[in-house]
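In: got a predicted structure plus its sequence, pasted below:
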Amino acid sequence: MRIRRSVTRFFGALVIPALCAAAVLYFGYYLVWGTRGLLALTDVQARLAMAQQQLADAQHDNARLARRIQLLGSEDPDIIQEIARDQLLGTTPGQVAVPREKR
């Protein structure tokens, strides 16, 4: 009887700490190597930085196009000449159009 009681106390005393240790190891593993763990955090931060850069580029393009639309609405002669030159002469980037003298 005494041996059985001492064995059950011994194993009973080990069960709760063993369960706690298993739970800590389980959650600790997923804290570091899980899909939302610390190692995945660096990947997410890199993707966030790329997305923020793309957003900044899109906002810059949007502001540039909004300014161009505003100039078109004010009938600025320079912007109208630029558009006419692009459409009539079929210019490409880096090509220079030299107007001819009137005779």
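Out: Okay, I see it.

In: what packs against whichever helix or strand residue 88 is part of?
Out: Assessed by DSSP states H and E, residue 88 sits inside helix 77-89. Under the contact definition 3 or more C-beta pairs under 8 Å, 6 or more residues apart in numbering; DSSP states H and E, helix 77-89 sits against helix 38-73. Heads up, the C-betas are built off the backbone N, CA and C, glycines and all.

In: buried residues in the helix it packs on, which are they?
Out: Within helix 38-73, no residue is scored as buried using 16 or more other C-beta atoms under 10 Å.

In: next one: phi and psi at residue 37?
Out: Torsion angles at residue 37 (phi, psi; degrees, to the nearest 10) stand at phi -80, psi -170.

In: which pLDDT does the model give it?
Out: Per-residue confidence for residue 37 comes out at a pLDDT of 89.

In: measure it to residue 29 for me?
Out: Note on residue 37: its distance to residue 29, by C-beta to C-beta, to the nearest Å, is 8 Å.

In: try residue 20
Out: Taking C-beta to C-beta as the measure, residue 20 and residue 29 are separated by 15 Å.

In: ditto for residue 66
Out: Taking C-beta to C-beta, one finds residue 66 at 51 Å from residue 29.

In: same check on residue 65?
Out: Counting by C-beta to C-beta, the gap from residue 65 to residue 29 is 50 Å.

In: just say helix, strand or coil for residue 28.
Out: What DSSP: H, G, I helix; E, B strand; the rest coil gives for residue 28 is helix.
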